[in-house]
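> Provided below are the primary sequence and the corresponding predicted coordinates.
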Amino acid sequence: MSVQAADQSPAKNTLGLLRLMAEVADAMRTRVTLRILGNAKHRSIYRQCFQAAIGRAARHEFLSVDWRRDYVPADELSALLGSSWLYVSCSKHEGFGLPA
């Protein structure tokens with residue numbers, strides 16, 4: 001599977017989300033932190049593409065990415081969600097099913 005195919009999968013919108021958040025941060029000209037909670041399958045092409053995109057995002061002037069792969073306790077999760085100005089679920093099959 002190519003990077004393009006991974007980027008276009010309707011169930012895996014994480015790469016599009018990273019691009020969109022970089023555009024938002026640029027438009028706002030302010031530092032934006034994208035917190036990603038959850039892991040991916042170890043040998044997945046989606047994970048590989050996502051990790052590469054996060055590496056590129058690390059060089060972005062206004063975007064910071066914090067990928068939390070481990071379990072987040074409920075009280076910490078509540079605090080993170082409460083301090084956020086946007087919640088997005090990138091899966092059409094899990095969670096609330098909202099597309100990016």
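That came through fine. Numbers count the residues shown, from 1 in each chain.
> For A40, give its distance to F50.
Going from A40 to F50 by C-beta to C-beta, to the nearest Å gives 7 Å. Heads up, the C-betas are built off the backbone N, CA and C, glycines and all.
> Likewise for A27?
The separation that A27 has from F50, given C-beta to C-beta, amounts to 23 Å.
> do T30 as well
24 Å.
> These two: which has the busier surroundings?
Taking neighbours as other C-beta atoms under 10 Å, T30 and F50 compare with F50 leading, 23 against 9.
> Can you get me a residue count around L34?
Neighbour tally, L34, other C-beta under 10 Å: 21.
> max-length helix in this structure?
helix 14-28 (DSSP state H).
> And the contacts of that one?
6-7, 31-32, 34, 36, 46, 49-50, 53-54, 57, 60-63, 65, 88, 90, 100 (C-beta atoms under 8 Å, 6 or more residues apart in numbering).
> got it, and stretch 50-67?
3, 14-15, 18, 21-22, 25-26, 28-36, 40.
> Next, the buried residues of it.
F50, A53, I54, A57, H60, L63, V65 (16 or more other C-beta atoms under 10 Å).
> the strands in the protein, which residues?
Ranges of strands in the chain, per DSSP state E, are 32-37, 63-68.
> ok, and for stretch 31-38, which residues are buried?
Buried-residue list, stretch 31-38, by 16+ other C-beta under 10 Å: V32, L34, I36, G38.
> pLDDT weak spots in the protein?
1-12, 90-100 (pLDDT under 70).
> run the last query once more with 80
Applying pLDDT under 80 to the chain flags residues 1-14, 40, 88-100.
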